[in-house]
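Student: Quick one, fold the following:
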Amino acid sequence: MRGVVDVNEPRSLERKLIRHIQKKGFLITANGSLNMAVLMPGKIVISTSKNEDKILVTRKQIRRALRLMQIHRTLVRKDLEKISPFSSALFGILIQVYAGKSKLHKLKNGLFRLSLLGVRFFAGGLERDKTILGEYQKLGGKFLLYNYFQLLQSSSSWLQHLYENDLYCIIDSGSYSIFQEKQKRKKRAFPQQQLLNEETLTDQYIEGYASFIEANKDEKRILGFFPFDCIGDPVQTKMNYERLIKLSNAKIYPVWQITDSLDELQRLIDEEPEMIGIGGIVPFLGNRLDQVKIMLRKVFDCFPTVNFHLLGVANEFLLEFPCFSSDSTAFINARKSKKQRKIYLQDGTRIGAPTHMSTLEIIKQNLSYLISLEDLEQNQQLKLSL
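Tutor: Numbering: from 1, shown residues only. The predicted structure follows:
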């Protein structure tokens, strides 16, 4: 199906590289240097102006690097050291393969970060929904957002399921689930003592999440973790993030609340993480949509090289702004009420689904659309319709 990125088949990308070398006979590095390249059986021989020794990169190493890039969508040279001692040459090969479909950004330490264009969608809300998860897989979907809050109530086999079905996930703290629960409780009369107990329970929850992260940080099917962000509370969000990174050296993506300052966002960017989450958007999508758009425009205009993940977003923003990825459970809303039986148009807006469509058909069509956003060419065609 068009739009699905197959992380298991980098061979077509490898063939593209081979054709380039056959035609041009050279590769261009991140710094703009020109290296001669010659095809040999099972490998590529690269000659540089700085080194008289030949650099040998095998086709198998190239495929491993391509697969790694397809999975993570962003890499620096050091990420390739586990594949080849000639990581710089391998990184240059990736630059060539993804030319026109990626962005290259120089970091403060002199390394370059290569990131793919297009939007990867992480399907949320499927921790305990085997039916929809199965349909998602049939459509070619491989990337999930798992909610720690939901995993606590799920079968312990969720990780095994990732491995057995060639799936990958980012783990979210479940903070939005807790936010929703607290909003419900505010509508009821709770004594102050119980509110204090809630704060204690939140602290215990964060400690449990930190232990969970530490226990699972080396699992290859887990791409990273989001911290416990607090909607509408940038200060507490920052404190929770700093607390988690002290408790674990796992890949924990920082989250910037959209109600926070651009100065605070700059502080996070200066740390040069591979991705930054933008949180706190969902509560404003109803009556403050224009304000959210204005702020997002400022963010993407000021920081065009940063990989941003829009937390909980699956609307036209995914086409309007060049975000790196997003997650949402919106695709399953059709089963909640008749008012939410909606399907996506090409511009990312949603309209009422035809009455003949079943709830499952609506969900499948919505998933198909969201998966397709990762395909750059299709993504660009959709943008033209805006």
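
Student: I figured residue 158 was touching residue 144, is that so?
Tutor: No. Using C-beta atoms under 8 Å, residue 158 makes no contact with residue 144, being 9.6 Å away. No exception for glycine: its C-beta is placed from N, CA and C like everyone else's.

Student: the more surrounded of these two?
Tutor: When neighbours are counted by other C-beta atoms under 10 Å, residue 144 comes out ahead of the other of residue 158 and residue 144, with 25 against 16.

Student: now the host helix or strand of that one: mean pLDDT?
Tutor: Assigned by DSSP states H and E, residue 144 belongs to strand 143-147. This predicted structure assigns strand 143-147 an average pLDDT of 96.

Student: and the helix or strand following that strand, which residues are buried?
Tutor: Sequence order places helix 148-151 as the next helix or strand after strand 143-147, per DSSP H and E. Residues of helix 148-151 classed as buried under the neighbour-count rule (16 or more other C-beta atoms under 10 Å) are 148-151.

Student: contacting residues around helix 148-151?
Tutor: Under the contact criterion C-beta atoms under 8 Å, 6 or more residues apart in numbering, helix 148-151 has outside partners 125, 127-128, 158, 171-174, 177-178, 209, 212.

Student: low pLDDT regions in the stretch 101-250 of the chain?
Tutor: Counting by pLDDT under 70, the stretch 101-250 of the chain has low-confidence residues at 176-177, 179-201.

Student: Return the set of buried residues in stretch 291-298.
Tutor: Buried residues in stretch 291-298, counting neighbours by 16+ other C-beta under 10 Å, are found at 292, 295-296.

Student: Over to stretch 265-275?
Tutor: With the criterion 16+ other C-beta under 10 Å, stretch 265-275 contains buried residues 265, 268-269, 273-275.

Student: out of those residues, what pair is the most spread apart?
Tutor: Of all pairs drawn from the buried residues of stretch 265-275, the one with the longest distance (C-beta to C-beta) is 265 and 274, at 15.7 Å.

Student: nearest residue to residue 30 other than its sequence neighbours?
Tutor: The shortest distance from residue 30 to any non-neighbouring residue, by C-beta to C-beta, 6 or more residues apart in numbering, is to residue 112 (4.3 Å).

Student: And the buried residues of stretch 265-275, which is closest to residue 38?
Tutor: Within these, proximity to residue 38 (C-beta to C-beta) peaks at residue 274, which comes in at 33.3 Å.

Student: got a list of what that closest one touches?
Tutor: Contacts for residue 274 were tallied using C-beta under 8 Å, 6+ apart; they are 72, 74, 113, 251, 253, 307.

Student: In helices, which of these fall?
Tutor: Secondary structure defined by DSSP state H assigns residue 72 of the contacts of residue 274 to helices.

Student: Excluding covalently adjacent residues, which one is nearest to residue 148?
Tutor: In space, residue 148 comes closest to residue 174 once its chain neighbours are excluded; the distance is 4.5 Å by C-beta to C-beta, 6+ apart.

Student: Same check on residue 22?
Tutor: residue 39 (6.7 Å).

Student: now residue 297
Tutor: What sits nearest to residue 297 in space, not counting adjacent residues and going by C-beta to C-beta, 6+ apart, is residue 321, at 7.5 Å.

Student: I figured residue 70 hits residue 12, correct?
Tutor: No. With contact defined as C-beta under 8 Å, residue 70 does not reach residue 12; the gap is 10.9 Å.

Student: which of the two has more neighbours?
Tutor: Under the criterion of other C-beta under 10 Å, the comparison of residue 70 against residue 12 puts residue 70 first, with 18 against 9.

Student: Can you get me a residue count around residue 71?
Tutor: Taking other C-beta under 10 Å as the neighbour definition, residue 71 ends up with a count of 17.

Student: What does the pLDDT read for it?
Tutor: Residue 71 carries a pLDDT value of 96.

Student: Does it touch residue 167 like I think?
Tutor: No. Because the distance of 11.0 Å does not satisfy C-beta under 8 Å, residue 71 is recorded as not touching residue 167.

Student: what are the ranges of the helices in the protein?
Tutor: Under DSSP H, the chain gives helices at 11-24, 59-72, 87-97, 130-138, 148-151, 158-164, 175-186, 192-216, 234-247, 262-270, 289-302, 317-320, 359-372, 376-384.

Student: Find the residue closest to residue 318 in space, skipping its chain neighbours.
Tutor: Distances taken as C-beta to C-beta, 6+ apart place residue 119 nearest to residue 318, at 5.0 Å, with adjacent residues excluded.

Student: pretty sure that neighbour contacts residue 324?
Tutor: Yes. Between residue 119 and residue 324 a contact is recorded at 7.1 Å, counting by C-beta under 8 Å.

Student: the more surrounded of the two?
Tutor: Set side by side, residue 119 and residue 324 show unequal neighbour counts under other C-beta under 10 Å, the larger going to residue 119 at 24 against 21.

Student: What values do phi and psi take at that one?
Tutor: Summarising the backbone geometry of residue 119 under the convention degrees, to the nearest 10, its torsions are phi -120, psi 120.

Student: Now tell me what touches stretch 37-45 from outside.
Tutor: By C-beta under 8 Å, 6+ apart, the residues outside stretch 37-45 that reach it are 18, 21-22, 25-27, 46-47, 54-60, 62, 93.

Student: Contacts only, for residue 48.
Tutor: When contacts are counted by C-beta under 8 Å, 6+ apart, residue 48 is found next to 33, 35, 55.

Student: do that again at 7 Å, thanks
Tutor: 35, 55 (C-beta atoms under 7 Å, 6 or more residues apart in numbering).

Student: how far away is it from residue 203?
Tutor: Using C-beta to C-beta, to the nearest Å, one obtains 54 Å as the distance from residue 48 to residue 203.

Student: same thing with residue 59?
Tutor: For residue 59, the distance to residue 203 under the criterion C-beta to C-beta works out to 52 Å.

Student: before we move on, what about residue 125?
Tutor: Here the criterion is C-beta to C-beta. By it, residue 125 lies 26 Å from residue 203.

Student: returning to what we had before: could you list which of the contacts of residue 274 belong to strands?
Tutor: Restricting the contacts of residue 274 to those inside strands, with DSSP state E as the criterion, leaves 74, 113.
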